[in-house]
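> sequence and computational prediction follow.
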Amino acid sequence: MNKMRINSERLLDNLNKLKTFTDTPGEGVTRFSYSAKDAEARAYIIDRAEKAGASIHIDALQNIRMGLKTNRPGHKTLVAGSHIDTVRNGGWLDGIYGVCSALEVLETLSENDFSGEYNFEAVVFAEEEGSNFGSTMTGSKFIAGIYNEENLDKLTRDDGLSLRQVLCSLTDSRVYSIPGPGGINAEDIESLPWDFSQIKAMVELHIEQGPILDKSGERLGIIDSIFGMRVIEVVMEGVGNHAGATPMSQRQDALSAAAEAILKAEEIVRSDEDRRTVVTVGKMEIAPNCSNVIPEKVCFSLEVRDKDEAKINRFMDRIIAAIRDIAKARKVSCSCREHSHSLPLHLDDRLAQGMKNAAEKSGIPFRYMDSGAVHDACMIAYKVPTGMIFVPSINGRSHVPEEDTKPEDLVAGAEFLFEIVCRELG
Ligand SMILES: [Zn+2]
């Protein structure tokens, strides 16, 4: 029986402290990777880990690995972690809850001088949300070898700077790995993918970001599968003209066409029998965006998610065909460009079964569920056995300032993570 216990006050303290590292105080947490607030959050976390005697390793992408002081060379490592970056005006728990819980596990193991069959590391994955470069899970994609050197130049921020340029502009050597005068070199890049032969497994604890646990009253979610997604960028181009002088019959209005296309996409996806497929248009630009000019050009993102890849493709193909038909009927041009995609994933059955056994033993109400959101764990799951645990999100809200979870659920999730880690460490 495990006698060690995490320090729940310390966990909540850390979370509350890290909540203050935001660019938008009072309006949720805005903490993009590589920003000044990111540096402050990193300093706080690294400081705690160092006080616990952990070894700190930061790679060129700025992913952080914090190794337990009793880790021994030649033993495989169990990894727990998540991300600390947020969307704009996001919540205070997305990502950082998993990091603080992994840190709490590290601190607890450290103060108990724990040494098991396996090593333990708490990990901070960089640039998960895609807030800078529009590509999610960037840090873990480099770790898993899905991204390579090319992506350093291909990924660009709204200000035109590439990922490589942003990484080369970092100066705080306490919390970032600063490239030499020649920039990021071949060695830096070669060392980005992990040696997965040395990784036993990974566990990520995260808030649910949806309403299922909050509605059901269950306190833990053990994740079976993670939704995949396909994202396209649609451009519709019509003719800009005077909003008063152009009769309705002679308009080629790009925004009206886009509006019809978006509603049609919803209608197509709502026809899904098991009602789990989702479609979202979350980003749109209108030109010239003037109240008295007929919109000439509209660009928008459109993404479809499900746990069944064939279904994602089926829906996306129907949506693209519908967009083309609508464009044709409204005499606007359109292009649909593939932006990104990620495959649905089934997580490790052995880990999930271990979690189920642990939850049953502790008497905590739990459910097996799928994750509609994609997480760093997905990238690692391509390489080693990976598990995920959810705690409830109040009213299912996330990526908004209202994002919250009851303190007792935050503590229960971290205790559960600790239990799972201890079981796995042997
Ligand atoms: Zn997250």
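Structure received. Numbers count the residues shown, from 1 in each chain.
> pLDDT score assigned to G180?
pLDDT, G180: 86.
> for the ion, what is the nearest residue in the stretch 251-400 of the chain?
The minimum distance from the stretch 251-400 of the chain to the ion, using Cβ to the ion, falls at H375 (5.9 Å). The way it works is simple: take the backbone N, C-alpha and C, and place the C-beta from them, glycine included.
> does that residue really touch S82, like I thought?
Yes - counting by Cβ atoms under 8 Å, S82 is a contact partner of H375 at 7.3 Å.
> which SS class is the residue lying closest to I223 once chain neighbours are set aside?
Closest residue to I223 apart from its sequence neighbours, by Cβ to Cβ, 6 or more residues apart in numbering: M388 at 3.8 Å. Using DSSP: H, G, I helix; E, B strand; the rest coil, the structure places M388 in strand.
> ok, now D272?
Of the three states, D272 takes coil according to three-state DSSP.
> on that earlier part again, OK, contacts around the residue of the stretch 251-400 of the chain closest to the ion?
82, 128, 137, 204, 206, 226, 388 (Cβ atoms under 8 Å, 6 or more residues apart in numbering).
> check contacts around the first one.
Going by Cβ under 8 Å, 6+ apart, S82 touches 95-99, 102, 123-125, 128, 204-206, 375-376.
> tell me how far stretch 55-68 is from the chain's mean position?
Distance of stretch 55-68 from its chain centroid, counting by Cα atoms, centre = their mean, to the nearest Å, is 18 Å.
> gap between the two ends of that stretch?
Start and end residues of stretch 55-68 are separated by 7 Å (Cα to Cα, to the nearest Å).
> same thing with stretch 341-348?
22 Å.
> what's in contact with it?
Under Cβ under 8 Å, 6+ apart, the answer for stretch 341-348 is 136-137, 201, 223-231, 306-309, 312, 374, 377-378, 381-382, 385-388.
> next one: stretch 309-320
228-230, 232, 264-265, 268-269, 272, 277, 279, 302, 304-306, 336, 343-344.
> for stretch 40-60, which positions count as buried?
If you call a residue buried by 16 or more other Cβ atoms under 10 Å, then stretch 40-60 has these buried ones: 40-42, 44-46, 48-49, 52, 54, 58-60.
> ok so, going back, so the residue nearest to I223 touches V203, yeah?
Yes - between M388 and V203 there is a contact under Cβ under 8 Å: 7.3 Å.
> common neighbours of the two, please.
A377.
> so F120: helix, strand or coil?
Taking three-state DSSP, the label given to F120 is strand.
> go ahead and confirm it touches L68.
Yes - using Cβ under 8 Å, F120 is in contact with L68, at 4.4 Å.
> need the overlap of contacts for those two.
What both F120 and L68 touch, as defined by Cβ under 8 Å, 6+ apart, is the set 106, 109.
> follow-up on the earlier one: pick out the most distant pair among the buried residues of stretch 40-60.
Spanning the widest gap among the buried residues of stretch 40-60 are A52 and A60, at 24.9 Å by Cβ to Cβ.
> which residues in the stretch 301-426 of the chain form strands?
Ranges of strands in the stretch 301-426 of the chain, per DSSP state E, counting those that start in this stretch, are 333-342, 345-346, 366-371, 386-391.
> and the third one, what does it pack against?
Of the remaining helices and strands, those touching strand 366-371 by 3 or more Cβ pairs under 8 Å, 6 or more residues apart in numbering; DSSP states H and E are helix 212-216, strand 220-226, helix 349-362, strand 386-391.
> and V391, how close does it get to L410?
Distance of V391 to L410, given as Cβ to Cβ, to the nearest Å: 7 Å.
> show me what from this structure comes close to the ion.
Residues of the chain that fall close to the ion, judged by Cβ under 5 Å from the ion: 94-95.
> got the domain boundaries for the chain?
Annotated domains of the chain cover 8-227+344-425, 228-342 [automatic domain parsing].
> any idea how far apart the tips of the last one sit?
Going back to what we said before, that points to domain 228-342. Length of domain 228-342, first residue to last, Cα to Cα: 5 Å.
> C-terminal to whichever strand or helix holds Y44, what's the next element?
Assessed by DSSP states H and E, Y44 sits inside helix 36-51. Per DSSP H and E, helix 36-51 leads on to strand 55-58 as the next helix or strand towards the C-terminus.
> wasn't I268 part of a helix?
Yes - I268: assigned to a helix according to three-state DSSP.
> is it true that it touches A322?
Yes - look at I268 against A322 with Cβ under 8 Å: they come within range, at 6.5 Å.
> comparing those two, which residue is more hemmed in?
Taking other Cβ atoms under 10 Å, I268 and A322 do not tie; I268 has more neighbours (19 against 16).
> tell me who's in contact with the more buried one.
For I268, the contacting residues are 279, 315, 318-319, 322, by Cβ under 8 Å, 6+ apart.
> show me the longest helix that occurs in this protein.
Counting by DSSP state H, the longest helix found in the chain is helix 309-329.
> helix/strand/coil for S82?
Classification of S82 by three-state DSSP places it in strand.
> excluding sequence neighbours, find me the nearest residue to it.
Using Cβ to Cβ, 6+ apart and skipping residues adjacent in sequence, the residue nearest S82 is G98, 2.8 Å away.
> and whichever strand or helix holds that neighbour, what does it pack onto?
Per DSSP H and E, G98 falls inside helix 96-111. Helices and strands touching helix 96-111, as assessed by 3+ Cβ pairs under 8 Å, 6+ apart, comprise helix 8-18, helix 36-51, strand 77-83, strand 119-125, strand 199-207, helix 407-425.
> V298: which of these is closest?
Across the helices and strands packed on helix 96-111 (criterion: Cβ to Cβ), the nearest stretch is strand 77-83, sitting at 31.6 Å.
> where are the low-confidence patches of the stretch 1-150 of the chain?
1-2 (pLDDT under 70).
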